[in-house]
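S.K.: Below: sequence and its predicted model.
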Amino acid sequence: MSAIALTRRRGRRHSIRRPRTGFLLVLPAALVAVGLFVVPLVLAARMSVSDWPLLGEPSFTGLENYRAIAGNDLVGQALGFTAKYAAVILVVLLAVALGLAMLVRRPRRGVGLLRTAFFLPAAVGLTSAALLFYELYFAGLSPVDDALTGLGLIDRPIDWLGQPGTAFLSVVIMMTWRFAGFYMLILLAGLQSIPDDVYEAARLDGANRWQTLRHVTLPLLRPSLALCTILIITGALLAFEQFYVLTNGGPDNSTVTLVIVIVREAFSFLDLGSAAAISMVVLGGLIVLNVVQLLALRRER
Amino acid sequence: MTALLTRPTAAPGAARRARHRRAGVVSGVLAALLALLFAFPLVRAAILSVTDGGGLTTDNYGKLADFGAGLPTYLWNSAVVTVITVAGSLALAIPAGYGFARYTFRGKNLIFVLILAILMIPHPTILIPLYVLLGDLGLQNTLIGVALVMIMFQLPFSVFMMRIAFSAVPEELEEAAMLDGCSETRAMLRVSLAAVVPSVVTVGLFAFFAAWNEFLTPLILLNDGSRFTLPIALVSLRSGDFGAVDLGALQAGVIVSALPCVVLFLLLQRHYVRGLLAGALRG
Amino acid sequence: MARVQRRARPARLAAAVAATALLLAACGSDDEPTSTGGQTDDTADAGGDTGATLTMWARSVTAPQTEALVEAYNATHENQIELTVVPFDSYLQKVAAAAGGRELPDLLAANVVEAPNYAQLGLWQDIGDRIDSLDHADALAPSHIDAGTVDDKRYAVPHVVDTSALYVNTKILEAAGVDPADPAPTLRALADNIATIQAANPDVQGLYVAGSCGGCLVFTIWPSIWASGGEVLGEDGTESLLDQPEALEVFEAYNQLFADGAIPEAARNEAGPTQNEPFANGQAAFSLLGSKALATIPESDALSIGVVPIPGVDGGRSSFVGGDVLGISSSSEQADAAWDFVEWTLSDEAQLEVMAKNKNLTVRTDLASNQYSEQDPRLVLLNELVGEGRTPYAGNFFQTFNDPNGPGLPLMRAGLFGDDPAAEVPELNGAVNDSLQRN
């Protein structure tokens, strides 16, 4: 019996694990998800097909709110900008986080200190982090400017948040500072779960550093990388606070993200129907994107 | 690079060892520089928060302490929300992660995707329906209501992390325990849970950070200023006196709000590293 | 944010006695509401001070004034106000969620420019009859009352008023030999004086404005349009007149100041949070600021503050009467008690002993000159501007002009800093009209 059980393939495992137990284990989390996510979501979906005043009775308007999205110039502009931001921040964050994780992977003297230093920013709230950098970037005060001036690279302080290009860069830098340690930690957990013998084997096969990274580390790190990718892309497409605090969508609406548009519709125009409709479209897009990602991951496995 | 602590299994040649040592020095210097860069903004804020032109001052912290309903109130409210969020996240995510990793049952994928979908909803949108819903549940304007919503927002990350963690534990270990006469639950507790301590710590830590630092959720869900949490106080501090933002007091606020998170991370890091070492030894 | 604690029992007893005395003194001539609209209150005998606990929300920018008023009221009345101060940039989010959940506080203050919107949305009760019952109804800041009026129904009274003016660092002017008494009778004269100052001391900044803050720009630039005889919005607030000759002339005047270096480059991207600094540090000779700056900016070796009205291109003077209004929320079931507080905040007692005494403007034009403001001629001027100034009226004002992502800010930035304001501003005006007309 034991020999058979141990050699059984993954799909057959349920023979000794009762499905009902699995369901019961998952149930509490599922209940919270249904009660506090699905139910409000249904309400939001109803808002999206209604004219929903703050007070008084809502009235059904069909797809009116969805049709209005096409006519909203700011949405198109925000979609383009948000996609660009997601692509840039994904590449930058994954590269920096992986680099940091490799640096602090092995136990050695001072490695705890390094991990702490890299991770420290993740302990600061996003709003606080944005406020910290707001002050750093503020023209005339910025030590970054002092450094660049000292190196002779610029002759007067850069107006970091005042020009579209540098404003975008400012947010990317702040977000990298804030989140690189967070993703480093996830990747580190993945790296630690790769058994040493695999590296031993690669070394015996004569693989160099780069080959080991490409053919051993990255493939085995795939689940962790997938988690990071999903979190980064989703986070980027829902980006709000970082832009809200640092650039407020400016200068001249050059950094308006989708959620800034949603917030504007909901809390500036108080048009809850329109905000809900845009949210539904964003949610739908994200679900499709992430399901495709998960399926691709599973197939490769 | 690994010279200090690697097991003496392979016996590499002297040339290889020298090359490694060189690489170690280079990466060490690089890492140290990067660490300074990462620490710079916070260290700078800490310094600015206790200086005033030339001299040292506690003015900024004094202003912070007296602000609004008073710092102790905000700290207490934040602590309540955070503790409930951490406990709730772990209580939900550990069993759920185990269930997803180890069992097959009808609707499993649907439930998993549903939980992940939480990650994808813009928070501002869902907070208005949530406000109404919490009112129906009698939890409007309560810290518990805020914590419940934070638990929900954390669910995708918590469950995903725990699922990955349990999946990485070789199932044969548990099956051996079960064959030894343990029940499913006890097998999980005895073997797997011990192996996923680092992930439990991570999930708890991030639930802590999320709840402690969240601004929008408590702002919208709480009506009463005496129940506001620390981040709301910070934002008020910034926007209160328009045109003359008090950067000193704000820096002090950032430091006060970051401190518990940093301390907790430092304390737990020992467990975290021990968990990793235990995993490595077992492997 | 700050919740004003309820007082302990003995103190409240004493407070009740004091309150009665106060009521006799201040409200002796009070009549029942004259109209027979749905507002007749049965508890008028008690004046609404019936020991109710009332909730109130206010924006953080009015925290000092609102907290002072609530504290003084709670100390002298049976009713107790529980005040929650909300960060001003999150106020609408909070109001929207609470309105959806039917959980608005009894007393709801609001940015005055949003008053038409709040009234149209039905967030407040009609308090027209109650306002009429006041002795000094006609003296309440007229532009604030107008802002809270929709279809001849009045929903709000002025709560905190804030007028915009031109601030002058008289030390810099004197050092450059410019007379600080009347340095800007016209925008042209202002430009000449800045040129003189900067010729004497090239390091000095001329005029500082918050060039990337919509709310600040309407507050500080629009008065020049009014002073020049122009209008900014059509009668019903659905049409922008910022592309009309008077407005364009004002934009061009400021644009010239920017081109000449009289408005510093840094002002272009000032989003508001640090807008006081260049003036407070003594770096800027002039700054366009609100009345509250007088109390918050300390004078120093480098700064003596003078205040003059904002001029038009060739003369005239005007001001934007900003600040907050106060209404009773439509869901409040304690309207009489809530009105007792509202009424008290407008009384001589509150306006003089709480507001004016702490260097705040009074919301009543008949108190513009009082024993406290008379000690400071600058305060007299700022108080006078409450009666003279304007508050523009539009249902979609905030989302069009204050929201940093609204179409108003790009238009004003094009006017102030663009290469060709006469061409760019009319082009951008269409988007502003669309926003104003959106339902």
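M.R.: Sure, I can see it. The model shown is predicted, which means the values in this text are computed figures rather than measured ones.
S.K.: Nearest spatial neighbour of residue C:121, chain-adjacent residues omitted?
M.R.: residue A:54 (5.4 Å; C-beta to C-beta, 6 or more residues apart in numbering or on different chains). Every residue, glycine included, has its C-beta placed from N, CA and C.
S.K.: With residue C:398 as the reference, measure out to that neighbour.
M.R.: 14 Å (C-beta to C-beta, to the nearest Å).
S.K.: So those two - more neighbours on which side?
M.R.: Set residue A:54 next to residue C:398 and count neighbours by other C-beta atoms under 10 Å in any protein chain shown: residue C:398 wins out with 25 against 20.
S.K.: sorry, back to before: pull the contacting residues for the residue nearest to residue C:121.
M.R.: A:270, A:272, C:96, C:99-100, C:121-123 (C-beta atoms under 8 Å, 6 or more residues apart in numbering or on different chains).
S.K.: and of the residues you listed, the nearest to chain B?
M.R.: Among the contacts of residue A:54, residue C:100 lies closest to chain B (C-beta to the nearest C-beta), at 5.3 Å.
S.K.: Low-confidence ranges, chain A, go.
M.R.: A:1-16, A:138-143, A:155-157, A:300-301 (pLDDT under 70).
S.K.: Just give me the residue closest to the centre of it.
M.R.: In chain A, the C-alpha closest to the average C-alpha coordinate belongs to residue A:232, at a distance of 2.3 Å (C-alpha atoms, centre = their mean).
S.K.: Return the distance of it relative to residue B:248.
M.R.: 34 Å.
S.K.: now swap in residue C:361 and tell me
M.R.: For residue C:361, the distance to residue B:248 - C-beta to C-beta - is 29 Å.
S.K.: So for those two, which residue has more residues nearby?
M.R.: residue C:361 (30 against 20).
S.K.: OK, contacts around that one?
M.R.: C:161-163, C:291, C:355, C:379, C:382-383, C:386.
S.K.: With neighbour count as extra columns, can I get those in JSON lines?
M.R.: As requested, the contacts of residue C:361 are exported to JSON lines (neighbours: other C-beta atoms under 10 Å in any protein chain shown):
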{"residue": "C:161", "neighbour count": "30"}
{"residue": "C:162", "neighbour count": "24"}
{"residue": "C:163", "neighbour count": "30"}
{"residue": "C:291", "neighbour count": "27"}
{"residue": "C:355", "neighbour count": "24"}
{"residue": "C:379", "neighbour count": "24"}
{"residue": "C:382", "neighbour count": "28"}
{"residue": "C:383", "neighbour count": "24"}
{"residue": "C:386", "neighbour count": "27"}
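S.K.: Farthest pair within the residues you listed?
M.R.: Maximum pairwise distance in the contacts of residue C:361, criterion C-beta to C-beta, is 13.8 Å, between C:163 and C:355.
S.K.: Can you tell me the closest non-neighbouring residue to residue 105?
M.R.: Went with chain A since none was named. Here the residue nearest residue A:105, using C-beta to C-beta, 6+ apart, is residue A:191, at 5.2 Å.
S.K.: actually it's chain C I care about, not the one you picked
M.R.: Residue C:105 sits nearest to residue C:55 (C-beta to C-beta, 6+ apart), 3.7 Å away.
S.K.: what's the answer for residue C:162, then?
M.R.: residue C:323 (4.1 Å).
S.K.: same question, residue C:302
M.R.: residue C:282 (2.8 Å).
S.K.: Might one say that the one you found is in contact with residue C:172?
M.R.: Yes - at 7.3 Å, residue C:282 counts as touching residue C:172 under the criterion of C-beta atoms under 8 Å.
S.K.: contacting residues around the spatially closest residue to residue C:201 that is not a sequence neighbour?
M.R.: Nearest residue to residue C:201 in three dimensions, chain neighbours excluded: residue C:176, at 6.4 Å (C-beta to C-beta, 6+ apart). By C-beta under 8 Å, 6+ apart, the contact set of residue C:176 is C:196-197, C:199-201, C:204, C:285.
S.K.: and if you look at residue C:396?
M.R.: Contacts of residue C:396 by C-beta under 8 Å, 6+ apart are A:269, C:117, C:237, C:435-438.
S.K.: What is the most widely separated pair among those residues?
M.R.: A:269 and C:237, at 15.0 Å, using C-beta to C-beta across the contacts of residue C:396.
S.K.: Neighbour count for these two, which is higher?
M.R.: It is residue A:269, of residue A:269 and residue C:237, that has more neighbours when counted by other C-beta under 10 Å, with 21 against 18.
S.K.: Is it correct that that one is in contact with residue C:436?
M.R.: No - assessed by C-beta under 8 Å, residue A:269 is found out of contact with residue C:436, at 11.7 Å.
S.K.: Need the contact partners of the host helix or strand of residue A:232.
M.R.: Using DSSP states H and E, residue A:232 falls within helix A:222-237. Helix A:222-237 is contacted from outside by A:82-83, A:85-86, A:89-90, A:93-94, A:97, A:179, A:183, A:186-187, A:189-191, A:218, A:258, A:282, A:285-286, A:289-290, A:293-294, A:297, A:300-301, B:116, B:119-120, B:157, B:160-161, B:164, B:167, using C-beta under 8 Å, 6+ apart.
S.K.: out of the residues you listed, which are buried?
M.R.: Among those, the ones that count as buried by 16 or more other C-beta atoms under 10 Å in any protein chain shown are A:82, A:85-86, A:89-90, A:93-94, A:97, A:179, A:183, A:186-187, A:189-191, A:258, A:282, A:286, A:289-290, A:294, A:297, B:116, B:119-120, B:157, B:160-161, B:164, B:167.
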